[in-house]
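Undergrad: have a look at this prediction, sequence included:
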Amino acid sequence: MGLYVNPGNRQFKEAVNSPVYVDKSGLIDYTNSVLNTQRKNICVSRPRRFGKSMAADMLSAYYSKGCDSRELFADLDVSKQHKTVSDMVRETRRINAYKSNLNQHNVIRFDVQRFLFDESHISVFIKRIQDVIIRELEAEFEEYVDCAQDSYGLPGVLEQIYAHTGEEFIFIIDEWDCVFRLAKENTEVQKKYLDFLRGLFKGSEYVKLAYMTGIFPIKKYGEHSAINVFDEYSVTDPRNLSEYFGFTEKEVQEQCRKYDVDFAEMARWYDGYQMGDTHIYNPKSVVDALTWKKFKSYWTGTETYEALKVYIERNFDGLREAVMEMLGGGQCRIDPTIFQNDMTTFYTKDDVLTLLVHLGYLTYDERNSTVFIPNQEIEQEFLRAVKVGGWGSSMACALYVAYASARAYYAKPVREFPSGRGFADVVYLPKKNADCPALLIELKWNKSAEGAVRQIKDKKYMDWLKSYTGEILLVAINYDKKKDIHTCIIEKYPDCI
């Protein structure tokens, strides 16, 4: 057993023994089905703390011949006969595959972030990765490894071993894209890293399975896109692996019953991520809420609002207006296919919004090609970023921020006359059974609140609500840029007529 070659199962054992553990072992059925096939190269990209490392630990504990994990998997779903399945021949084949692959393979498992947690490591991390793995391979396959005669690094050593023994390897790489986040501007190092991965995997006979996880899909650099042997399972195109990263609604309901926690409140705070046809809850936040019996922002504590603010302040092509619309409960159509899978290449708002999807600040509806803010936890981060970002001079933005705070009582606001600079009439209708007035709002810039309320009356905007039987307030707001002040007039309708 080594740290990187044929590692043990301690990390997965800690996960299974934790108070809150949700069984994701069904992933093993899929990876078993693609061993030594053209689908054997898998790259899973998800936001931070969405279960990627736990899944990598599980696969390592299952495949590695450096440990005995029979007891760990004995009570998990992957080891059980599913008697309700109609195709029993296929079910028998699945169970046989589980048994025949358990702790039977050479595994090379490493976390790139372990070698790249400081900028000073950027120039040496590729060599360091190869050195530590080769050292352990020498100990395991001493008579077949001749490093002195090989100038091709880790791929060359693995080829020697395969040529002499026929031994194949399963690769499990976590945080594969760390360099693209730490060295955002260093394209030379990024390209060298992609060359290393290409040399390791493309056309290599010693690869039985390659499984990589990260936040971003694989970066393409022209000829450096040659590691396109990988099938990509991203947040914008999760394919058949949606349920294995994040918690499903059924899983959260079961945990809420077990820990006597309000499921409806859990859903309001942490639901909303869409992975294909599957609704996914943020696992980090759900576990913390179950543990501490308190609903608040947990996952976003791993990132500061400053990171979000930096991206949404790049007001490409109406990005600010798109954020305002989403704060009001709306959605924004995007094309995620143009995103360059990095944190520096931005040309349109679609690039920035797609980045925010991969980072977990937005979710993507694949059916409608739209993005939106998934839940209250993330909404709070947007509100913080907007407030600190100096968007207060945008009156429409201020109204949407106000709406976000009153969403429990009001339906999504209706913007009657949207404009490029954010001056718009906005209508707020209360939700059913909410004892609140309807609000008809007119916004002005460098004019007067008196003129705004007069316009509401002169143009008979109230007719838009003529079938509404509840209380209606006319709200006129003017922003004086020179004086940097807002004035507001509120009148009750029809008393004001």
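TA: The structure has been received and is ready for your questions.
Undergrad: isn't Tyr244 up against Gly51?
TA: Yes. Tyr244 lies in contact with Gly51 (Cβ atoms under 8 Å); the separation is 7.4 Å. C-beta coordinates here come from the backbone N, C-alpha and C atoms, glycine included.
Undergrad: need the residues touching each of those two.
TA: Lys24 (Cβ atoms under 8 Å, 6 or more residues apart in numbering).
Undergrad: measure Ser242 to Glu366 for me?
TA: Counting by Cβ to Cβ, to the nearest Å, the separation of Ser242 from Glu366 is 10 Å.
Undergrad: between the two, what contacts are shared?
TA: Gly276.
Undergrad: the two: who's more crowded?
TA: When Ser242 and Glu366 are compared for neighbours, Ser242 comes out ahead with 19 against 15, by other Cβ atoms under 10 Å.
Undergrad: backbone torsions only: list them for the more buried one.
TA: phi -50, psi -50 (degrees, to the nearest 10).
Undergrad: wait, it touches Asp277, no?
TA: Yes. Ser242 is in contact with Asp277 according to Cβ under 8 Å; the separation is 7.5 Å.
Undergrad: got any ranges where the stretch 101-250 of the chain has weak pLDDT?
TA: 147-151, 220-226 (pLDDT under 70).
Undergrad: would you map the strands across the stretch 151-300 of the chain?
TA: Ranges of strands in the stretch 151-300 of the chain, per DSSP state E, counting those that start in this stretch, are 169-174, 207-214, 231-233, 247-248, 273-275, 278-281.
Undergrad: shaky segments in the stretch 251-400 of the chain?
TA: 300-307, 388-400.
Undergrad: quick check: domain ranges of this structure?
TA: Taking automatic domain parsing as the criterion, the chain consists of the domains 10-233, 243-302, 406-497.
Undergrad: now those domains as JSON lines including distance to Leu353 and mean neighbour count?
TA: As requested, the domains of the chain are arranged in JSON lines below (distance: least, Cβ to Cβ, whole Å; neighbours: other Cβ atoms under 10 Å):
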{"stretch": "domain 10-233", "distance to Leu353": "14", "mean neighbour count": "17"}
{"stretch": "domain 243-302", "distance to Leu353": "15", "mean neighbour count": "19"}
{"stretch": "domain 406-497", "distance to Leu353": "18", "mean neighbour count": "15"}
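Undergrad: which residues are contacting stretch 290-300?
TA: Under Cβ under 8 Å, 6+ apart, the answer for stretch 290-300 is 19-20, 48-49, 255-256, 259, 261, 265-266, 269-270, 282, 284-285, 288-289, 360, 377-378, 380-381.
Undergrad: repeat that with 7 Å
TA: Stretch 290-300 is contacted by residues 19-20, 49, 255, 259, 261, 265, 269, 282, 284-285, 288-289, 377-378, 380-381 when judged by Cβ atoms under 7 Å, 6 or more residues apart in numbering.
Undergrad: equivalent analysis for stretch 170-189, please.
TA: Outside stretch 170-189, the residues that reach it (Cβ under 7 Å, 6+ apart) are 52-53, 56, 59-60, 63, 105-113, 116, 119, 122, 190, 193, 207-216, 219, 342-344.
Undergrad: and it, how far out from the chain's middle?
TA: Relative to its chain's centre, stretch 170-189 lies at 17 Å (Cα atoms, centre = their mean, to the nearest Å).
Undergrad: now do that stretch: distance from first to last residue.
TA: 26 Å (Cα to Cα, to the nearest Å).
Undergrad: relative to Phe316, which of the domains of the chain is closest?
TA: Among the domains of the chain, domain 406-497 comes nearest to Phe316, with 13.7 Å by Cβ to Cβ.
Undergrad: Thr337 should be in a helix, yeah?
TA: Yes. Counting by DSSP: H, G, I helix; E, B strand; the rest coil, Thr337 is found in a helix.
Undergrad: what kind of secondary structure is Asn478 in?
TA: Asn478 is classified as strand under three-state DSSP.
Undergrad: that one and Gly328, how far apart?
TA: Applying Cβ to Cβ to Asn478 and Gly328 gives a distance of 21 Å.
Undergrad: please apply the same query to Ser369.
TA: Here the criterion is Cβ to Cβ. By it, Ser369 lies 20 Å from Gly328.
Undergrad: compare the two (neighbour count), which wins?
TA: A count of neighbours by other Cβ under 10 Å puts Gly328 above the other of Ser369 and Gly328, at 23 against 15.
Undergrad: was I right about that one contacting Val414?
TA: No. With contact defined as Cβ atoms under 7 Å, Gly328 does not reach Val414; the gap is 9.3 Å.
Undergrad: so what's Gly360 up against?
TA: Pro47, Arg48.
Undergrad: let me redo that: Asp111
TA: If you count contacts by Cβ under 7 Å, 6+ apart, then Asp111 has Asp174, Glu175 around it.
Undergrad: give me the beta-bridge partners of it?
TA: Beta-bridge partners for Asp111, by DSSP bridges, are Asp174.
Undergrad: what about it, distance to Ser45?
TA: The value you get for Asp111 to Ser45, if Cβ to Cβ is used, is 15 Å.
Undergrad: helix or strand for Asn103, which one?
TA: In the assignment (DSSP states H and E), Asn103 maps to no helix and no strand.
Undergrad: nice, that's everything, thank you.
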